[in-house]
Every structure is written in structure tokens, then in C-alpha cells.
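> Sequence and predicted structure are below.
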Amino acid sequence: MVRRFQGYTLVELVVSVSTALILFAVTHALLQSSQKTWNRVSGDENVAGQLLSAESWLRRDLFGASYSALRTAPGPTTLVGRDGDALWFLSAIDPDTGRFMRNDDGTPRWQRNILYYSVIPSSIATDHSGPGIDEGGYEVSHPYKFLVRKVIDQGTLLSDVTSYLEAPVGYSFPSGDFESVNIISRGLLSFQVATEDDLKQVELSIVAANAQEAGKVFPLGSRSLMNPQFLMLRQFTTNLQNRQTLTP
């Protein structure tokens, strides 16, 4: 007896193709969702790493400082508001040994000035559109700022650091009257400093945003990024009261 092959009916073909299309659509949606989640988490982790690096450097340097030998000032203004604040202080940490140095009478033996400030690199300032958004005196729409650390080989506290607040061209700084310069963090939104004289403490806010995610919603530079959806902040307070009587 010869068996004959019976093909699929039209209804069966339609059901099979529809099921395959539904499975494909669901799989594609899941892959897209996973990719978006990965991109967001990856961007957040990168920004968090930049913030942590900045805090680590600041905490380490401020350990060798005294409140009476510390100053703050407005930082450079590249667009409409300042890029952040400038913070500088004397350090008694020996650059070779890493030890806190003291004179015979117990007072700190000041070694050098350490300066921190945030700034938009000149190359980036001209490459991106948007005039910038001013909020409270700070530019808060361009998340491209660098946090710069300069070491100035002077044992007395500088009264003015305006000449040191230069913007790098890319990652390069013109040679100047400083011992060394480092870019501590990049991709920041702002660096803000507040001092409390009564408590002899410094409050530092290192502000950043997930530029990769924000750029998907609107052109960067066109809106404020001080938005919980994109904003990332690392804020801490350093109390220097234990050295308040140690004058420079």
C-alpha cells in the first residue's frame, strides 16, 4: 500500500507563520530592552567611576591641608556661567615620602599649593552646539568638563590663582609656572565648593550626568542636566577643625 504525503493546510501555514512572527517580535523587543539597559548601566558606571576618582584625589590631598591655609574662588567661565569653582590649599605632604611634615615647633611644614578647578576644554567648547545654560551662576548643560589638579611649587598660600585657571587643548596644557598637572576626572557637569568658617569644614559637590542617555532625549547643551533622570552627584564634607590653629 502506497502512503501519500498530505501537505499543510492554509490555516496551519498561517498559524505557523504568525507564531514565528510573534516569537521574533518578542525576542527582538527583549534584545532591544536588554541593549538599552546595558547602555544605561554602562554609562552610569563610567560616570560613577569618574566621580569616585575625583573624590579619592580630593580626600587624599585635603588630609594634608589646614582650613586656615585654604581658599576658594569662582572658576573659569567658558560659556554663560562658570564651569565650576576653584579650590586651592597648602599641603604639608612631602611629595617624595608621602609623609605629613612638621617644623620643630609642631606646625606644618608647608610644601606646595594644590589647586583644583573644573573647566571645559577649548577644543570641546567649540565642537558642540548650544550656548550653555546658566543656573545659579554655573553652566549646567555641557557635561564635558575636566576636573584639573595642579601642583604649584610655592610654600606660601597663593592669594590669586586666576592665571592658573587655563583650559586644556584636548588633554594638553601649555607649560607654565606649576610643578605638575593632572586631569583627575572628565565628563563632569560641575565642581562646587562651599566652606563653613564656624565648623572649619569644606563641602564639596562633584556633579556629573549620563551624557549618553541625555543625548538621546535632547541635544546636549540645549537644556539643563540638573535633572534626576540623568544627574549623578558625589557630595562629601571634610572637617579640618583639628588643624584650625595651624596657620600658614
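Great, that's in hand.
> Please name the nearest non-neighbouring residue to Asn182.
Closest residue to Asn182 apart from its sequence neighbours, by Cβ to Cβ, 6 or more residues apart in numbering: Arg149 at 4.8 Å. From N, CA and C alone the C-beta is placed, and that goes for glycine too.
> For the one you found, pull up the helix or strand it's in.
Applying DSSP states H and E as the criterion places Arg149 in strand 145-152.
> How about Val207?
Following DSSP H and E, the helix or strand that holds Val207 is strand 201-209.
> list the helices and strands that strand packs on?
Using 3 or more Cβ pairs under 8 Å, 6 or more residues apart in numbering; DSSP states H and E as the contact criterion, the elements in contact with strand 201-209 are helix 10-62, strand 180-196, strand 231-239.
> Now do that strand: distance to the chain's middle.
Here strand 201-209 is found 9 Å from its chain centre; the criterion is Cα atoms, centre = their mean, to the nearest Å.
> Okay, angle between that strand and strand 231-239 too, please.
Taking axes from the mean of the first three to the mean of the last three Cα atoms, to 10 degrees, one finds that strand 201-209 is oriented at 170 degrees with respect to strand 231-239.
> Tell me the buried residues in strand 201-209?
Buried positions in strand 201-209, judged by neighbour count with 16 or more other Cβ atoms under 10 Å: Val202, Leu204, Ile206, Val207, Ala208, Ala209.
> ok, now which ones touch the residue nearest the centre of the chain?
Among the residues of the chain, Leu188 comes closest to the average C-alpha position under Cα atoms, centre = their mean, at 3.2 Å. Each residue near Leu188 by Cβ atoms under 8 Å, 6 or more residues apart in numbering is listed here: Gln50, Leu51, Ala54, Gly84, Ser118, Pro143, Lys145, Phe146, Leu147, Ile206, Val207, Ala208.
> hmm, 6 Å instead?
Under the criterion of Cβ atoms under 6 Å, 6 or more residues apart in numbering, the contact list for Leu188 reads Ser118, Lys145, Leu147, Ala208.
> what sits against Asn113?
With Cβ under 6 Å, 6+ apart as the criterion, the residues that contact Asn113 are Trp88, Ile152, Gln154, Leu158.
> Check the burial of the first one by counting its neighbours.
Applying other Cβ atoms under 10 Å, we find 23 residues neighbouring Trp88.
> do the third one as well
Here the count is done by other Cβ under 10 Å, and Gln154 has 15 residues near it.
> so what's Gly106 scoring on pLDDT?
Confidence per residue is given as pLDDT, and for Gly106 that number is 81.
> Sorry, wrong one. I was asking about Leu188.
The predicted local confidence for Leu188 comes out at a pLDDT of 94.
> contacting residues around the residue nearest to Asn182?
In this structure, Arg149 makes contact with Tyr116, Asn182, Ile184, judged by Cβ under 6 Å, 6+ apart.
> Counting neighbours, which of the residues you listed comes out on top?
Counting neighbours by other Cβ under 10 Å, the top entry in these is Tyr116, with 26 neighbours.
> which secondary structure element contains the closest residue to it other than its chain neighbours?
Using Cβ to Cβ, 6+ apart and skipping the chain neighbours, the partner closest in space to Tyr116 is Leu87 (4.8 Å). In the assignment (DSSP H and E), Leu87 maps to strand 85-91.
> Show me what that strand is packed against.
Judged by 3 or more Cβ pairs under 6 Å, 6 or more residues apart in numbering; DSSP states H and E, the packing partners of strand 85-91 are strand 70-74, strand 112-119, strand 180-196.
> CA atoms only for it - export them in PDB, please.
Coordinates of each C-alpha in strand 85-91 appear next as PDB, following Å, rounded to 0.1, in the frame of the first residue of the first chain:
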ATOM      1  CA  ASP A  85      34.700  76.600  41.500                       C
ATOM      2  CA  ALA A  86      38.400  76.700  42.200                       C
ATOM      3  CA  LEU A  87      39.800  75.300  45.400                       C
ATOM      4  CA  TRP A  88      43.400  75.600  46.500                       C
ATOM      5  CA  PHE A  89      45.300  75.000  49.700                       C
ATOM      6  CA  LEU A  90      48.700  74.400  51.100                       C
ATOM      7  CA  SER A  91      49.800  70.800  51.600                       C
END
